[in-house]
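Enquirer: Let me see the structure of the following:
(2 chains)
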Amino acid sequence: IAGITQAPTSQILAAGRRMTLRCTQDMRHNAMYWYRQDLGLGLRLIHYSNTAGTTGKGEVPDGYSVSRANTDDFPLTLASAVPSQTSVYFCASSDRVDTGELFFGEGSRLTVL
Amino acid sequence: GQNIDQPTEMTATEGAIVQINCTYQTSGFNGLFWYQQHAGEAPTFLSYNVLDGLEEKGRFSSFLSRSKGYSYLLLKELQMKDSASYLCAVRDGDYKLSFGAGTTVTVRA
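Expert: Numbering: from 1, shown residues only, chains lettered A, B, ... in the order given. Sure thing, here's the model as predicted:
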């Protein structure tokens, strides 16, 4: 039982580089989310997708982009990484947008130097 | 955005009871969630309230008052493994889930 798989687990990246964090779920959930977690700030929503083919902006979308070409995959791209994007990134999914609980991946720790 | 407040830290003794309060202000309301997160791990679902009242699940209970914008998570018979961060999260009118900063609970022997 895989659930949600994120890759890479950890990455150190030079500022200005492009980076894609991968997220795949095998639960056929409609909704998927990307959060970043920073000490003292909790989880903040970056982007979300209520169903394949649609995406929306969360609380902190600047500097990030997403795509949802199919149900299972929801990659997060940093076009030109900056040090303030150093964080732990969590991908999550939910079977229902209105009532479903979120299931989280194990997280991707990104350090931008 | 949403405004979700919860205490930063709480400490309790093994076997005791701890209550973690959460207050919120949102544009629309579609449910309140509590998650547990151990250090270095992903958050895991604990409870969900959408109607007023108490939801009990084993040693954990969660209460909601929508009119007051208030919830609490009650942890009974505390065990050392309950040492973790507890996250209050609110689903707004657009169905987006926003999280509070979390309450770190330390259980002492």
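Enquirer: Near chain B, which residues of chain A are found?
Expert: Proximity of chain A to chain B (CB under 8 Å from any CB of the partner chain) is limited to residues A:33, A:35, A:40-45, A:48, A:50, A:56, A:58-59, A:90, A:97-99, A:101-107. Every C-beta, even on glycine, is put in place using the N, C-alpha and C of the backbone.
Enquirer: so of those residues, which ones are in strands?
Expert: Among the residues of chain A next to chain B, the residues falling in strands (DSSP state E) are A:33, A:35, A:42-45, A:48, A:56, A:90, A:103-104.
Enquirer: Could you turn the buried ones of those into a PyMOL selection?
Expert: Only the buried members of these end up in this PyMOL selection, burial being decided by 16 or more other CB atoms under 10 Å in any protein chain shown:
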select buried, chain A and resi 33+35+42+43+44+45+48+90+103+104
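Enquirer: what stretches of chain A score poorly on pLDDT?
Expert: For chain A, applying pLDDT under 70 flags the ranges A:1.
Enquirer: ugh, typo on my part, it should be chain B
Expert: If you take pLDDT under 70 as the line, chain B has these spans: B:1-2.
Enquirer: Give me every residue in it lying close to chain A.
Expert: B:1, B:30-31, B:33, B:41-45, B:48, B:50, B:87, B:89, B:91, B:95-102.
Enquirer: how about a cut-off of 7 Å?
Expert: Neighbours of chain A within chain B, by CB under 7 Å from any CB of the partner chain: B:1, B:30-31, B:33, B:42-43, B:45, B:48, B:87, B:95-102.
Enquirer: Give me the buried subset of those.
Expert: Judged by 16+ other CB under 10 Å, buried ones among the residues of chain B next to chain A: B:30-31, B:33, B:42-43, B:48, B:87, B:95-102.
Enquirer: and the two most separated of those residues?
Expert: B:30 and B:42 (22.8 Å; CB to CB).
Enquirer: re the thing from before, now, which of the residues of chain B next to chain A lie within strands?
Expert: Reading strands off the residues of chain B next to chain A with DSSP E, I get B:33, B:45, B:48, B:87, B:97-99.
Enquirer: between the residues you listed, which is closest to residue A:25?
Expert: Checking those against residue A:25 with CB to CB, the nearest one is residue B:45 at 15.2 Å.
Enquirer: Residue A:54: what's it in contact with?
Expert: Listed by CB atoms under 7 Å, 6 or more residues apart in numbering or on different chains, the contact set of residue A:54 reads residue A:68.
Enquirer: typo on my end, residue B:78
Expert: B:12, B:14-16, B:18, B:107.
Enquirer: Would you show me how to pick out the buried ones of these in ChimeraX?
Expert: In ChimeraX, this line selects whichever of the contacts of residue B:78 come out buried by 16+ other CB under 10 Å:
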select /B:12,18,107
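Enquirer: Of the contacts of residue B:78, which is the nearest to chain A?
Expert: residue B:18 (19.3 Å; CB to the nearest CB).
Enquirer: what is residue B:24 paired to in the beta sheet?
Expert: residue B:4 (DSSP bridges).
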